[in-house]
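# no FASTA, just this:
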């Protein structure tokens, strides 16, 4: 089966940089994706990594190291609106048509 | 572009009553469709997924069922709701890399 670990809470100030880590254990691996969910809303897709390295999308970047079974989401120039829960999710060979989600990291951005 | 609809947005039902939640997708054909449930402050639990009309895979034994009567329609049902069925129900479809795109969700409260 699969398991993912991410911190439950992270706090940072506006304008700062924050990194949310995700470690996973899978039987085979296809890719790691990240999602943002504001209170009361549905999750929205942020990024996807299948290969090692950094993927950048505006203020958000996502990194993957397949050899370390580790990835992170990097948020730069934090804004108050970035306060939300962030989930990592993996797809692996054992369950190729579905994702397994982490339990989520609650990010609080302080003024 | 693809759009996913869910209704109703909120629902309050008594224990023992039936349930029917509907999800429809526009702008894509033969999508993989998924039902998730999220308890308050928790992660996403995959309930069912479907790769085509009449094809349903169940991930969690429970008193819920799913059906896919049409290519772009996915329905979640229950004959008798339990208190533990309360939660945020999300329908999703997958992109090229199985990243998930979620509908707006239905918040169900069983009283």
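Good, I have the coordinates. Just so we're clear, the structure is a prediction, and the values are computed from it rather than from any experiment.

# Got the confidence number for residue 90?
Because you didn't say which chain, this covers chain A. The per-residue pLDDT reported for residue A:90 equals 92.

# The intended chain is chain B.
The model's pLDDT for residue B:90 equals 97.

# for residue A:95, same thing?
68.

# Check the one 5 residues further on too.
Reported pLDDT at residue A:100 in the predicted model: 89.

# Quick check: closest non-adjacent residue to it.
Distance criterion C-beta to C-beta, 6 or more residues apart in numbering or on different chains; nearest residue to residue A:100, sequence neighbours excluded, is residue A:2 at 4.3 Å. (Each C-beta comes from the backbone N, C-alpha and C, glycine too.)

# Which helix or strand contains the residue most central in space within chain B?
Nearest residue to the geometric centre of chain B (C-alpha atoms, centre = their mean): residue B:35, 3.3 Å. Using DSSP states H and E, residue B:35 maps to strand B:33-38.

# rewinding a little: so the residue nearest to the centre of chain B sits right up against residue B:90, yeah?
Yes: here residue B:35 lies in contact with residue B:90, judged by C-beta atoms under 8 Å, at a distance of 7.4 Å.

# Quick one: neighbours of residue 104, just the number.
You didn't pick a chain, so chain A it is. By other C-beta atoms under 10 Å in any protein chain shown, the residues close to residue A:104 number 25.

# Please refer instead to chain B.
The burial count for residue B:104: 14, using other C-beta under 10 Å.

# Correct me if wrong: it contacts residue A:44.
No: applying C-beta under 8 Å as the test, residue B:104 and residue A:44 come out as separate, 10.9 Å apart.

# Enumerate the beta-bridge partners assigned to residue 36.
If you meant another chain, say so; for now it's chain A. residue A:44, residue A:86 (DSSP bridges).

# was after chain B, sorry
The partner residues for residue B:36, given DSSP bridges, come to residue B:46, residue B:90.

# list the helices and strands the helix or strand that contains residue A:21 packs on?
Assessed by DSSP H and E, residue A:21 sits inside strand A:18-25. Contacts defined by 3 or more C-beta pairs under 8 Å, 6 or more residues apart in numbering or on different chains; DSSP states H and E place strand A:18-25 against strand A:3-5, strand A:9-13, strand A:31-37, strand A:70-75, strand A:84-91, strand A:105-110.

# The same query, at a cut-off of 10 Å, please.
strand A:3-5, strand A:9-13, strand A:31-37, strand A:60-65, strand A:70-75, strand A:84-91, strand A:105-110 (3 or more C-beta pairs under 10 Å, 6 or more residues apart in numbering or on different chains; DSSP states H and E).

# Taking strand A:84-91 as reference, get the angle to the fourth one.
Compare the direction of strand A:60-65 with that of strand A:84-91 by axes from the mean of the first three to the mean of the last three C-alpha atoms, to 10 degrees and you get 40 degrees.

# Good, wrapping up.
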